[in-house]
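Student: When you get a sec, could you give me coordinates for this:
(one chain, ligands or ions: 2)
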Amino acid sequence: ELQALLFDVDGTLADTERDGHRVAFNAAFREYGLDWDWDVALYGKLLAVTGGKERMQYYVEHFRTDYVQPADFADLVAELHRAKTRHYTEMLGLGEIPMRRGVKRLLHEARAAGLRLAIATTTTPENVTALLRHSLAEDACDWFEVIAAGDIVPAKKPAPDIYVWALQQMKLPPEACFAFEDSENGIRASRGAGLKTLVTTNDYTHGHDFSGATAVLSDMGEPGSAPLVIQGSLHG
Ligand code: XBP
Ligand code: MG
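Tutor: Ligands and ions are numbered 1, 2, ... in the order given. Model prediction:
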């Protein structure tokens with residue numbers, strides 16, 4: 001029997017990458033006087049690596065072979081990432097990033113149906129809390145009994161660890177749950193943890209390999225239309 005829904009955040013609950021995270025990374029790079037600038041197309045390539053710190057590391061190694069890494073490069077990356085998180089949460093505070101279509105309704109219906117809810121994401125806890133509070137509802141953090149985020153597990157998606165950790169916290173087997181994802185790295189993580197997964201695609205991910213998905217949809221549906229998921233065929 002279905003007991004819980006586990007949600008990815010970036011790309012699934014909200015389109016955060018192109019106009020959110022990417023812009024915040026660039027603001028941090030400028031703040032630190034770096035000539036790094038991630039345009040929309042390049043950022044699509046960089047999304048191959050999840051986690052902001054890991055993504056910066058990947059960028060210098062694969063796209064900036066001219067850049068000479070200082071001895072304390074890991075510290076610089078950590079500092080840049082803190083600045084990026086500050087820029088990003090400021091954007092969220094201004095209400096700049098709405099939830100994706102159908103997300104609010106799905107969460108309301110899930111709560112009304114008594115389903116337990118959790119978050120499993122590679123982004124930082126601060127980012128999740130700010131998004132939920134400013135773009136969903138003031139008390140939305142309380143809707144989720146577990147917020148599994150960021151460096152809580154060392155191996156980020158596509159490793160299944162973040163989902164495994166969330167399931168352990170909830171003391172639930174994967175068979176009792178459903179995951180919601182938007183990307184190939186995401187579904188590799190959720191499927192790796194044994195979770196049935198529903199995918200909603202976006203501009204950065206519609207070409208990804210979603211084999212193993214229960215369904216691949218463009219979004220979670222129009223407000224006012226019939227409930228898409230809760231009364232659908234998620235059982236089984
Ligand atoms: C999200 C990510 C994150 C964000 C940036 O992946 O890859 O790295 O882009 O977040 P997923 P941080 O949706 O699969 O969890 O900079 O906070 O790491
Ligand atoms: Mg995602």
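Student: which bits of this structure sit near ligand 1?
Tutor: Contact residues, the chain versus ligand 1 (Cβ under 6 Å from any ligand atom): 8-11, 17, 21, 50-52, 55, 84, 121-124, 127, 157, 183, 185-186. All C-beta spots, glycine's among them, are computed from the backbone N, C-alpha and C.
Student: May I have the phi/psi pair for the residue in the chain positioned nearest to ligand 2?
Tutor: The nearest approach of the chain to ligand 2 comes at residue 11, 3.7 Å away (Cβ to the ion). Phi and psi for residue 11, reported as degrees, to the nearest 10, are phi 90, psi -20.
Student: Quick check: chain neighbours aside, which residue is closest to the one residue in the chain that gets nearest to ligand 1?
Tutor: Closest residue of the chain to ligand 1, Cβ to the nearest ligand atom: residue 52 (2.2 Å). Using Cβ to Cβ, 6 or more residues apart in numbering and skipping the chain neighbours, the partner closest in space to residue 52 is residue 81 (5.1 Å).
Student: Check residue 23 too.
Tutor: Residue 23 sits nearest to residue 91 (Cβ to Cβ, 6+ apart), 7.1 Å away.
Student: Go through the host helix or strand of that neighbour and flag the buried ones.
Tutor: Secondary structure from DSSP states H and E places residue 91 in helix 73-93. For helix 73-93, a neighbour-count test (16 or more other Cβ atoms under 10 Å) marks 77, 80-81, 83-85, 87-89, 91-92 as buried.
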